[in-house]
Structures are given as C-alpha cells and as structure tokens.
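Participant: Take a look and give me a structure for this.
(one chain, ligands or ions: 1)
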Amino acid sequence: MPAEYSRNGPAPRLAKPVDELPPGSVSQLRQEAAGCRRCPLWRPATQTVFGRGPVRARIMLVGEQPGSEEDLRGQPFVGPAGRLLRELLAEAGLDPASAWLTNTVKHFKFVPRGKRRIHSRASAAEQAACRPWLAAELDRIRPAIVVALGAMAAQTLFGSGFSVTRERGRWQAIGPHTQALATWHPSAILRMRPPQREQARAQLLADLRSAVEALSA
Ligand code: URA
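Facilitator: Predicted coordinates:
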C-alpha cells in the first residue's frame with residue numbers, strides 16, 4: 001500500500017457520510033475520478049478537475065466547482081477566482097503551492113451561449129454524486145485545517161443549514177485532528193461592487209490569516 005494511503009486515526013468527515021469511500025492512493029483516486037460517470041456532468045466537460053497539491057498538505061481549501069479555465073487546464077483555481085485566491089493566500093503568508101486545492105464538484109457545469117460557456121451551478125444531486133471524491137481526499141490527505149470557500153463547500157462540510165453570511169470565520173471540528181472554517185468564495189468577491197467588495201476581500205484575507213495562524217498553533 002503506498003505510504004500516502006496509510007495514515008492512521010479517524011479521518012475528517014463531511015456533514016453527510018458517504019456510502020462507500022473510493023479506495024486507493026491519491027494518484028489512484030485521481031485516475032478513477034478521471035473516468036467518473038457518477039452524474040451527467042462529465043459528458044460536456046473537457047475533463048475531471050481533481051484536487052492538486054502536496055499529498056502531505058496540512059491545509060485544504062475547498063471551492064465549489066471548476067470554471068471554464070479550470071476545465072480546459074484540468075487544474076483547480078487557475079482562472080480569475082483562483083488568481084485572487086492565490087494572491088490572498090500569499091498575502092496571508094501561505095505559499096499556495098503548499099495547500100491542497102480542490103472543489104466540491106469536480107466537473108465544470110455550463111450552458112453554451114454562442115461561443116461562450118456560461119457557468120451553471122451544480123444541482124444538489126450532482127453535488128451529492130461528487131461527495132465520495134471529496135470525502136476520499138479528506139481521508140487520504142488528512143489536513144489539520146480545512147477552509148470552505150462559499151456556500152456549496154460550507155454546506156457540504158457543515159450541513160445544509162450553514163450560512164456563510166452568518167457563520168463565516170467560525171472554527172468547527174470536522175474530525176478529531178481537523179478544524180474547519182468557511183469564508184467567502186473569491187468568485188463572489190469578484191462579482192461584488194465597492195464598497196462591499198473591499199469589505200469581503202478583507203474578511204477573506206482575515207479568515208485565511210486565521211487559518212495560517214492555526215497551522216502554526
Ligand atoms: N471556482 C471554484 O470554486 N473552483 C475553481 O477551481 C475555480 C473557480
């Protein structure tokens with residue numbers, strides 16, 4: 001069994017447990033997920049966008065679903081929201097390359113409009129179909145800190161009643177060795193207008209700083 005699949009102790013968990021955790025190492029999971037047919041989103045998408053980062057990462061950031069650039073490049077957070085996230089992580093004192101970056105849903109969902117592909121939110125059924133991948137990433141990576149970006153990730157981790165507006169920045173245990181918080185999604189910040197945009201950016205930065213501090217606690 002590869003070393004990365006031999007961590008001991010209870011894993012961090014999602015709000016709703018998954019029926020069956022996909023087996024194997026992180027690289028095996030990535031390969032399996034590349035052929036995922038658990039929901040119809042694979043068909044129009046270019047590829048599965050699985051999580052990226054060091055398998056021993058101590059911090060995991062969970063977004064919603066890949067956008068168009070992520071779909072084309074096969075990597076999470078490489079489009080406009082990703083650029084903002086990486087900039088803020090660096091500002092908070094964390095090298096983005098040291099984090100495991102992933103999404104709640106691993107395929108880009110879109111509506112074609114002429115030559116453009118307009119982002120469309122994954123349904124509850126599509127989110128549920130993708131849960132085993134995130135549960136398996138949590139199980140294999142076993143991060144000490146998880147940051148949920150936006151409502152979709154927050155509700156997958158903390159339950160459907162979770163409100164980012166009301167509860168952002170609050171730490172909760174999601175396992176015996178894992179603390180998690182939810183904060184704004186960088187895409188939401190990009191859609192806001194001043195002065196809300198500056199305020200939300202400052203809050204996201206503060207939450208990322210809190211996560212970085214928790215790493216060294
Ligand atoms: N938004 C996300 O939630 N994830 C990405 O990877 C990119 C944009």
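
Participant: At the contact with the ligand, which residues of this protein appear?
Facilitator: 63-67, 70, 76-77, 79, 81-82, 103, 187 (CB under 6 Å from any ligand atom). Where C-beta positions appear, they are placed from N, C-alpha and C, glycine not excepted.

Participant: Those in helices, which ones?
Facilitator: 70, 81-82, 187 (DSSP state H).

Participant: Isn't Leu157 up against Pro143?
Facilitator: No - with contact defined as CB atoms under 8 Å, Leu157 does not reach Pro143; the gap is 11.8 Å.

Participant: Of all residues in the chain, which one is closest to the ligand?
Facilitator: Taking CB to the nearest ligand atom as the measure, the chain has Gly63 as its residue closest to the ligand, at 2.8 Å.

Participant: so that residue bridges to which residues?
Facilitator: Asn103 (DSSP bridges).

Participant: Contacts only, for it.
Facilitator: Contact analysis of Gly63 by CB atoms under 8 Å, 6 or more residues apart in numbering lists 76-77, 81, 101-104, 149-150, 153, 185.

Participant: likewise Ala182?
Facilitator: Neighbouring residues of Ala182 by CB under 8 Å, 6+ apart: 147-150, 153-154, 157-158, 162, 164, 167-170.

Participant: hang on, it in a strand?
Facilitator: Yes - counting by DSSP: H, G, I helix; E, B strand; the rest coil, Ala182 is located in a strand.

Participant: And it, how far from Gly35?
Facilitator: For Ala182, the distance to Gly35 (CB to CB, to the nearest Å) stands at 31 Å.

Participant: for the protein, which spans come out with low pLDDT?
Facilitator: Scanning the chain with the threshold set as pLDDT under 70 gives 1-9.

Participant: Could you find the residue nearest the spatial middle of it?
Facilitator: In the chain, the residue lying closest to the centroid (CA atoms, centre = their mean) is Val62, at 1.6 Å.

Participant: Tell me if I'm right that it and Leu157 touch.
Facilitator: Yes - between Val62 and Leu157 there is a contact under CB under 8 Å: 7.0 Å.

Participant: okay, and the common contacts of the two?
Facilitator: With CB under 8 Å, 6+ apart as the test, Val62 and Leu157 both reach 146, 148.

Participant: Strands along the chain, start to end?
Facilitator: Remark: strands assigned in the chain by DSSP state E are 59-63, 100-103, 110-113, 116-119, 145-149, 172-175, 178-183.

Participant: how much does the first one deviate in direction from strand 178-183?
Facilitator: In this structure, strand 59-63 runs at an angle of 40 degrees to strand 178-183, with axes from the mean of the first three to the mean of the last three CA atoms, to 10 degrees as the basis.

Participant: now strand 59-63 and strand 145-149, what's the angle there?
Facilitator: Going by the same axes, to 10 degrees, strand 59-63 makes 20 degrees with strand 145-149.

Participant: Check the offset of strand 59-63 from the chain's centre.
Facilitator: 4 Å (CA atoms, centre = their mean, to the nearest Å).

Participant: In CSV, list the C-alpha atoms belonging to it.
Facilitator: What follows is strand 59-63, C-alpha atoms only, in CSV (Å, rounded to 0.1, in the frame of the first residue of the first chain):
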residue,chain,number,x,y,z
ILE,A,59,-4.3,22.7,4.8
MET,A,60,-7.0,22.0,2.3
LEU,A,61,-9.1,24.7,0.5
VAL,A,62,-12.4,23.5,-0.9
GLY,A,63,-14.1,25.6,-3.6
